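>>> quick one: sequence plus predicted model below, questions after.
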Amino acid sequence: MAATSRFEFATATRIVFGSNTAEKELRSIVDSLGITRPIVVTGTAKRYMGVLKLLPAHEVFEVHGEPTVDVATAGTEQAVTKDCNGVIAIGGGSVLDVGKVIAALITNGGEPLDYMEVVGKGQKITKPSAPFVAVPTTAGTGAEVTRNGVLCSPEHRVKASIRAATMLPNVALVDPTLALSLPPAATASTGLDAFTQCLEPFISCLANPLTDAIAKEGLRHGAKSLLRAVRQGDDITAREGMALCSLFGGLALANAKLGAVHGFAGVLGGWCPGAPHGAICAVLLPHVIAVNADALKKRAPGSPLLARYDEVARIITERSNATCEDGVKWIIDLCTELDVPKLSTYGLKEEDIPTVVEKAAKSSSMKGNSLLLTTDELSDILRKAL
């Protein structure tokens, strides 16, 4: 990117980061936004009773499994019926995405498919969302600082977004202690997503100086903290490192987009129900890097993005002479260490590749990839990940 290129940066109105901030500051944040009757969107309410009991009278809406169109519709209906005037989402990325959509639909009306990209009508969100506080409990999606809510449409076998600048949370409250009880498998899957979401914006064709700085710092935290957080779940330093990795990934992707990894992941999330999003991203990541770098060498050898692949390798390996190939190997070794399965484990077959490639090519994330990949190159990525 040229130094004089124009760029913008948008995020949550306020970000609060720190251990034990949920218990100490959530109530005052809710009060400051004028929320008197919130709907609390969460995974398992009893897990957060210590926080919930501090809130004003509220409704609870639990989200289990994939955040589907029907789930978001049901949550919105409950919020409207019970006259809720704000949304607090306490949970992982699925919970935060549903909360974001509910907050938008409370004020804009209609159904999720009216506004969804790719599979819906793609109507514009025109009114500000209801006041919304995002409280992540996993270090993964960075959804606490992004402007879109990702939903799965089982009918279309794909995940797609509802997206608007007005969907950015009013407050993102990031408390690393809320992830201390997260099991190793979930820590690994969500952490791999966070790591990927720092890496892809850095090699995006839409990167800018601000997202670069944030993405690189996120990569450093993720590379140092992920294995420790998986192996020692009570290591608060590792949890803080991963919370920063996730937060920085969200900040970067919201302003520089992602790339082919997430272009595929949105489709595969609907194609392979039950497959952890982070695991899908991880198994794709080294092959996307290798194919992207090779394509740049062949079709855009003068691109400044080429040097970024080596820079990523130096950051994550902590070796000053590391190359792109070293970075790919480091990521493959990480996936092996964390027992990341191949895509065939989730039911993807060779004969599915043409359809998945066709759907993925239309995704929003693909617009941020380092360069436009051919159908053959996209197919090659999937075959290597099978």
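Received the coordinates, thanks. Numbering: from 1, shown residues only.
>>> restrict stretch 226-239 to CA atoms and write it as PDB.
The C-alpha trace of stretch 226-239 is given here as PDB (Å, rounded to 0.1, in the frame of the first residue of the first chain):
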ATOM      1  CA  LEU A 226      -1.900 -19.800  22.100                       C
ATOM      2  CA  LEU A 227      -0.100 -23.000  23.100                       C
ATOM      3  CA  ARG A 228       0.300 -21.800  26.700                       C
ATOM      4  CA  ALA A 229      -3.400 -21.000  26.900                       C
ATOM      5  CA  VAL A 230      -4.300 -24.400  25.600                       C
ATOM      6  CA  ARG A 231      -1.900 -26.300  27.800                       C
ATOM      7  CA  GLN A 232      -2.400 -24.200  30.900                       C
ATOM      8  CA  GLY A 233      -5.900 -22.800  30.900                       C
ATOM      9  CA  ASP A 234      -5.400 -21.000  34.200                       C
ATOM     10  CA  ASP A 235      -2.400 -19.000  33.000                       C
ATOM     11  CA  ILE A 236      -3.900 -15.500  33.100                       C
ATOM     12  CA  THR A 237      -0.900 -14.000  31.200                       C
ATOM     13  CA  ALA A 238      -1.600 -16.400  28.300                       C
ATOM     14  CA  ARG A 239      -5.300 -15.600  28.500                       C
END
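>>> what is the burial count for the residue nearest to residue 362 when sequence neighbours are not counted?
Leaving aside its sequence neighbours, residue 362 sits nearest to residue 118 (CB to CB, 6 or more residues apart in numbering; 6.1 Å). Every residue, glycine included, has its C-beta placed from N, CA and C. Neighbourhood size, residue 118 [other CB atoms under 10 Å]: 17.
>>> give me the pLDDT for residue 118.
Confidence at residue 118, expressed as pLDDT, is 84.
>>> in this structure it contacts residue 162, no?
No. Contact criterion CB atoms under 8 Å: residue 118 and residue 162 do not qualify, at 10.9 Å.
>>> now do the contacts for residue 290.
Neighbour list for residue 290: 324, 328 [criterion: CB atoms under 8 Å, 6 or more residues apart in numbering].
>>> and it, how close does it get to residue 323?
Using CB to CB, to the nearest Å, one gets 12 Å for the distance from residue 290 to residue 323.
>>> need the contact list for the one residue sitting closest to the centre of the chain.
Nearest to the geometric centre of the chain sits residue 141, at 2.8 Å (CA atoms, centre = their mean). Residue 141 sits next to 92-93, 96-97, 190, 193-194, 197, 246, 250, 277 when contact means CB under 8 Å, 6+ apart.
>>> likewise for residue 102?
39, 41, 61, 72, 75-76, 79, 87, 130.
>>> nearest to residue 364, of those residues?
residue 72 (18.3 Å; CB to CB).
>>> residues touching whichever strand or helix holds that closest one, excluding its own?
According to DSSP states H and E, residue 72 maps onto helix 69-81. Identification of contacts with helix 69-81 by CB under 8 Å, 6+ apart yields 39, 41, 59, 61, 63, 84, 87, 98-99, 101-102, 105-106, 111-113, 116, 130, 149, 151-155.
>>> kindly report the same for stretch 197-215.
1, 3, 5, 7, 9, 141-142, 216, 218-219, 222, 245-246, 248-253, 255-259, 261-262, 285, 289, 292, 305, 308-309, 311-312, 365, 367-371.
>>> where helices are concerned, which of these count?
Among these, DSSP state H puts 216, 218-219, 222, 245-246, 248-253, 255-256, 261-262, 285, 289, 292, 305, 308-309, 311-312 in helices.
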